[in-house]
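Peer 1: got a structure for you, letters missing:
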């Protein structure tokens, strides 16, 4: 069982940890920033990483590399963005 809370990976991770979920799904943006119809979306990875450390959870996070409905600021090849998401975020 996984948890997804639209637009809020921090809350999703909190709930996933509390209920013993198998994973949390972070939609929309994990790294970088995107321009969307809702404005500029900013990455959630730092806040999620802080929470993971603070609550000492092992719940895996599955996240989007790019927002499908946005335009990345400073676009890079998907392979590079994926590498950064795994190794630097």
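Peer 2: Noted; the coordinates are in hand. Note that this is a predicted model, so its numbers are computed, not measured.

Peer 1: what's the separation between the spatially most central residue of the chain and residue 46?
Peer 2: By CA atoms, centre = their mean, the chain has its centre lying nearest to residue 30, at 3.2 Å. Residue 30 sits at a distance of 10 Å from residue 46 (criterion: CB to CB, to the nearest Å). C-beta coordinates here come from the backbone N, C-alpha and C atoms, glycine included.

Peer 1: where do the contact lists of these two overlap?
Peer 2: Both residue 30 and residue 46 are contacted by residue 89, under the criterion CB atoms under 8 Å, 6 or more residues apart in numbering.

Peer 1: just the buried residues of stretch 70-89, please?
Peer 2: 70, 72, 81, 84, 85, 89 (16 or more other CB atoms under 10 Å).

Peer 1: distance between that stretch and the chain's centre?
Peer 2: Centroid displacement of stretch 70-89 relative to its chain, using CA atoms, centre = their mean, to the nearest Å, is 12 Å.

Peer 1: quick one on the thing from earlier: where's the dip in pLDDT among the buried residues of stretch 70-89?
Peer 2: When the buried residues of stretch 70-89 are compared on pLDDT, residue 89 comes out lowest, with 74.

Peer 1: cool, thanks, signing off.
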